[in-house]
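Student: just the structure for this:
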Amino acid sequence: MPAPIDTLVTVYGGSGFLGRHVVRALARRGYRIRVGVRRPDLAGHLQPLGRVGQIHAVQANLRYPDSVTAAARDASAIVNLVGILWESGAQTFDAVQTEGAATVARTAAAIGARLVHVSALGADDAATSRYARAKAAGEAAVRAAAADATILRPSVMFGPEDHFTNRFAALARMTPVLPLVGAATRLQPVFAGDVAEAVADAVDGKTRPGAVYELGGPEAMTMREVVEAILRITGRERLLMPLPFALARLKAAFLQFAPGDFKLTPDQVDLLRSDNVVSEAAKAAGLTLEGLGITPDSLEAVTPSYLWRFRKAGQFAQKGA
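Tutor: Residues are numbered from 1 along each chain as shown. Presented below is the predicted three-dimensional model:
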């Protein structure tokens, strides 16, 4: 049943990779959507995802509570998608993923709005990775301020604009050897569109209040298996060279300053030391995509629809060529 036309949802971080999928899913369900972003002038790509006037971008920065409060005004539900892959200047893990999450949660509690907080499957306050520790601290802050909030923990996400499958496909086009960090680390890649449907279900009130959902794709794969699948899809044959974590961290000390697809930070290396898969406890409790009635799409079912551009003959390449 579509949402009432006057139901407003504020989505922080709605112009990013996952954000555009979430905005599309909410628009299809009839919500009015206010997108809180640091640069509203760069969020024009969201407008075609809904009807005229249905989606409106406003300025909001999680490091400035007043802007967060202004963006939440009159909202019935709030979605926090804000996260960073690496730190830059004032945009630190703690500032964005811990303090920022706390600010959004306190705002939601103050106005009585339903809160959906998107964290990460690797969130762990005892992790080596500062990213993972900040995510865990953010979850704790959310629970302290808004006990009924729904927390969603997706595994590594893929989709047309991702920095995961596109990155490896781009690197395979440039180099005959692909160094692999955490080659044996297990992941459960999940389609961003499926995560967005879970977010929309939570906004609809279909999730359990205060529950933590773990969102993964239909199969767990090692990092090597993921890259091998990307190479098959793009028709590339490349030598895969596993890197010991100590050597990878040493290389990352320099590559953290590299541009684009070559960037790798020491914290990302630390993050790859641990598996990133849905727990058996979450499966048993029904706190998964399947528990929400969502059948997740696999990596090999979705990625050919956008990774074709990395094939030698593009969309005209023959299957298996």
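
Student: what is the neighbour count of G53?
Tutor: 8 (other C-beta atoms under 10 Å). Quick note: C-beta positions are derived from backbone N, CA and C, even for glycine.

Student: that one and A27, how far apart?
Tutor: Going from G53 to A27 by C-beta to C-beta, to the nearest Å gives 11 Å.

Student: so where do the strands sit in the protein?
Tutor: Here the chain has its strands, by DSSP state E, at 8-12, 32-37, 55-59, 77-80, 114-118, 150-154, 157-158, 177-181, 186-187, 190-191, 212-215, 221-222, 239-243.

Student: please work out which of the ones you listed is packed deepest.
Tutor: strand 77-80 (a mean of 28; mean count of other C-beta atoms under 10 Å).

Student: that one: how far from the chain's middle?
Tutor: Distance, stretch centre to chain centre, for strand 77-80: 15 Å (C-alpha atoms, centre = their mean, to the nearest Å).

Student: quick one: mean pLDDT for the very next helix or strand once past it?
Tutor: Elements were assigned by DSSP states H and E; along the chain past strand 77-80, the next helix or strand is helix 93. Helix 93 carries an average pLDDT of 96.

Student: how about stretch 266-275?
Tutor: 95.

Student: give me the contact list for that stretch.
Tutor: Residues outside stretch 266-275 that contact it (C-beta atoms under 8 Å, 6 or more residues apart in numbering): 85-86, 122, 124, 127-132, 181-182, 185-187, 223, 245, 248-249, 252-253, 256.

Student: which of the residues you listed are buried?
Tutor: For those, a neighbour count by 16 or more other C-beta atoms under 10 Å gives the buried set as 122, 127, 129-132, 181-182, 185-187, 223, 245, 248-249, 252, 256.

Student: any idea of the mean pLDDT for stretch 281-294?
Tutor: What stretch 281-294 shows for mean pLDDT is 98.

Student: what separates it from the chain centre, distance-wise?
Tutor: 18 Å.

Student: so what touches that stretch?
Tutor: 190, 194, 197-198, 201, 206-208, 211-216, 278, 295-296.

Student: change it to 7 Å
Tutor: D194, E197, A198, D201, K206, A211, V212, Y213, E214, L215, V278, P296 (C-beta atoms under 7 Å, 6 or more residues apart in numbering).

Student: for the stretch 101-250 of the chain, what spans make up the helices?
Tutor: With DSSP state H, counting those that start in this stretch as the criterion, the stretch 101-250 of the chain has helices at 130-145, 165-174, 192-204, 223-234, 245-255.

Student: low-confidence stretches in the protein?
Tutor: 1-5, 315-321 (pLDDT under 70).

Student: now do P189 against P244, distance only.
Tutor: Per C-beta to C-beta, P189 is found 24 Å from P244.

Student: and these two? Which one has more around it.
Tutor: More crowded of P189 and P244, by other C-beta under 10 Å: P189, with 28 against 9.
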